[in-house]
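Asker: Build me a structure from this.
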Amino acid sequence: MKYLLLLTLFCAFLSYSAFAQDTLYSETFKDGAPENAWYPGFFIDSTGVGNNMEAFAWPDNPSGDGWVGMVSTNRADSANVAESYSGSGDYTDFYLEANIFIPIRTGWMGVDFYGLEFRVDSTGLTSGYQFIANFNHFSAPSLRFRKRPSDAPAKPVILKEWFAEEIPGGIPADSGWHKLAVNAVGNQFWFYYDGQELPGCPYTDTTSTPTFDQGFIGVYSWTMGFVGYDTTALYIDDIYLTAPLVKVNDSGEELVQDFALLPNYPNPFNPSTTIPFRLATASQVKIEILNTLGQNIRELANRTYPAGSHQVMWDGKDRTGKDVPAGIYYYRLKTEHFQQVRKMLLVR
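Answerer: Model prediction:
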């Protein structure tokens with residue numbers, strides 16, 4: 001028990017240290033209330049009241065603290081839109097991630113979107129970029145990168161759409177929490193779903209209307225039932241905004257600026273999982289699997305990697321080739337100048 005406690009504290013310290021250095025914004029709702037000021041977005045009534053972020057009790061939420069954020073479309077004059085924004089209107093280049101609950105509504109004839117807004121312009125009718133998901137099987141489920149132009153925010157323009165064959169794991173069959181993330185550097189955008197970069201990144205805004213160079217972060221949900229009025233709500237947890245993961249040179253080539261051990265996917269997993277990581281410079285890299293006692297049960301890598309993005313796979317076996325039992329395991333990346341530990345769950 002003593003070793004388990006020490007390992008848990010050590011892991012928490014490493015993860016916090018590596019992450020907190022460049023955190024620009026965070027929202028976890030951990031005390032049953034938003035930690036930051038939130039503002040209602042585009043759709044407000046004649047008195048200036050709109051749908052806004054609230055804390056919502058969710059016992060088994062991703063972070064385990066029992067609280068998430070919620071924005072509902074349940075207001076007759078909301079046009080079935082829930083939108084709320086927060087932070088600073090000065091955010092320019094950044095990495096934004098959050099856990100979002102994406103429902104699958106079987107037998108329902110309609111379309112609904114859940115996701116992130118970024119570089120939100122709060123002047124006039126709010127506008128900006130969005131990374132949103134529609135996973136209802138009735139209506140061509142997909143992930144979308146789109147823009148609500150400043151001159152016509154109620155008429156979004158799709159910049160990129162990913163369908164089932166391009167989405168890691170395909171379209172989920174059941175409702176659940178998923179991590180959506182975007183890395184914005186200038187007019188180039190990388191998108192991530194459950195820790196995995198989507199195909200074709202980076203994408204740019206090539207529309208004729210002006211690009212959004214800075215703005216707030218926010219959330220967006222919209223629903224439309226083809227039979228009668230319908231309402232829904234967006235649930236979100238663990239919103240983090242940090243310095244961008246990557247930068248680009250004058251030729252548009254990706255330049256990795258930091259070391260990072262990224263979340264494995266899938267997680268929980270069975271029988272195997274992928275562990276991604278980034279290196280700012282060529283490095284001797286060791287990646288190990290640890291049990292809850294801190295014992296090394298498998299070494300996945302111990303060699304030199306060039307600078308850039310990489311990944312390794314763990315098949316749920318120990319160094320002797322035997323399947324390890326279900327439970328919590330840790331994976332650790334070590335280089336000469338950097339190390340980080342993350343947690344994962346193996347199910348059998």
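
Asker: Point out where the stretch 101-250 of the chain drops to low pLDDT.
Answerer: Judged against pLDDT under 70, the low-scoring parts of the stretch 101-250 of the chain cover residues 226-230, 246-250.

Asker: the strands in it, which residues?
Answerer: In chain order, the stretch 101-250 of the chain shows strands spanning 110-121, 127-134, 142-148, 157-162, 176-185, 188-193, 196-197, 216-225, 233-242, 246-248, with DSSP state E, counting those that start in this stretch as the criterion.

Asker: could I get the ones you listed as JSON lines with distance to A37 and mean neighbour count?
Answerer: Heads up, the C-betas are built off the backbone N, CA and C, glycines and all. Converted to JSON lines, those look like this (distance: least, Cβ to Cβ, whole Å; neighbours: other Cβ atoms under 10 Å):
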{"stretch": "strand 110-121", "distance to A37": "14", "mean neighbour count": "24"}
{"stretch": "strand 127-134", "distance to A37": "18", "mean neighbour count": "24"}
{"stretch": "strand 142-148", "distance to A37": "22", "mean neighbour count": "21"}
{"stretch": "strand 157-162", "distance to A37": "29", "mean neighbour count": "15"}
{"stretch": "strand 176-185", "distance to A37": "22", "mean neighbour count": "20"}
{"stretch": "strand 188-193", "distance to A37": "26", "mean neighbour count": "21"}
{"stretch": "strand 196-197", "distance to A37": "32", "mean neighbour count": "19"}
{"stretch": "strand 216-225", "distance to A37": "11", "mean neighbour count": "23"}
{"stretch": "strand 233-242", "distance to A37": "13", "mean neighbour count": "22"}
{"stretch": "strand 246-248", "distance to A37": "30", "mean neighbour count": "17"}
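
Asker: Of all those strands, which one is nearest R348?
Answerer: Ranking those by their distance to R348 (criterion: Cβ to Cβ) puts strand 176-185 first, at 19.6 Å.

Asker: Quickly run through the sheet partners of that closest one, with directions.
Answerer: With DSSP bridges as the test, strand 176-185 is paired with strand 94-102 (antiparallel), strand 188-193 (antiparallel).

Asker: residues touching D237, list them.
Answerer: Contacts for D237 were tallied using Cβ atoms under 8 Å, 6 or more residues apart in numbering; they are 28-29, 58, 61-63, 67-69, 98-100, 177.

Asker: Which one of these is nearest to M224?
Answerer: Sorting these by how near they are to M224, with Cβ to Cβ, puts I100 at the top with 18.9 Å.

Asker: one step back: next, format the strands of the stretch 101-250 of the chain as TSV and append distance to T23.
Answerer: Formatted as TSV, the entries for the strands of the stretch 101-250 of the chain read as follows, by distance: least, Cβ to Cβ, whole Å:
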stretch	distance to T23
strand 110-121	16
strand 127-134	20
strand 142-148	24
strand 157-162	28
strand 176-185	14
strand 188-193	18
strand 196-197	21
strand 216-225	13
strand 233-242	5
strand 246-248	17
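
Asker: contacting residues around A57?
Answerer: Residues counted as contacts of A57 (Cβ under 8 Å, 6+ apart) are G32, G66, W67.

Asker: Tell me if the first one really is in a strand.
Answerer: This means G32. No: assignment of G32 by DSSP: H, G, I helix; E, B strand; the rest coil gives coil, placing it outside any strand.

Asker: rewinding a little: of the contacts of D237, grab the buried ones for ChimeraX.
Answerer: The ChimeraX command for the buried members of the contacts of D237 (criterion: 16 or more other Cβ atoms under 10 Å) is given here:
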select :28,29,58,61,62,67,68,69,98,99,100,177
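
Asker: Same list, the contacts of D237, but as TSV with distance to P263 please.
Answerer: As requested, the contacts of D237 are arranged in TSV below (distance: Cβ to Cβ, whole Å):
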residue	distance to P263
T28	16
F29	20
W58	20
N61	16
P62	11
S63	13
W67	21
V68	18
G69	20
A98	13
N99	11
I100	15
W177	13
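
Asker: which one of the contacts of D237 is nearest S139?
Answerer: The nearest member of these to S139, counting by Cβ to Cβ, is I100 at 18.3 Å.

Asker: What spatial separation is found between the closest one and Y39?
Answerer: Here the criterion is Cβ to Cβ, to the nearest Å. By it, I100 lies 19 Å from Y39.

Asker: cool, S139 as well?
Answerer: According to Cβ to Cβ, S139 stands 30 Å off from Y39.

Asker: Could you check which of those two has the larger neighbour count?
Answerer: Remark: of S139 and Y39, Y39 carries more neighbours, 18 against 15, as counted by other Cβ atoms under 10 Å.

Asker: Report the beta-bridge partners for the closest residue in space to S139 that isn't next to it in sequence.
Answerer: Here the nearest residue to S139 in space, its sequence neighbours aside, is V111; by Cβ to Cβ, 6 or more residues apart in numbering that works out to 4.4 Å. On the basis of DSSP bridges, V111 is bridged to M224.

Asker: I'd say V111 and F135 touch.
Answerer: No: checked against Cβ atoms under 8 Å, the pair V111 and F135 is beyond contact range at 10.6 Å.

Asker: Brilliant, that's me finished.
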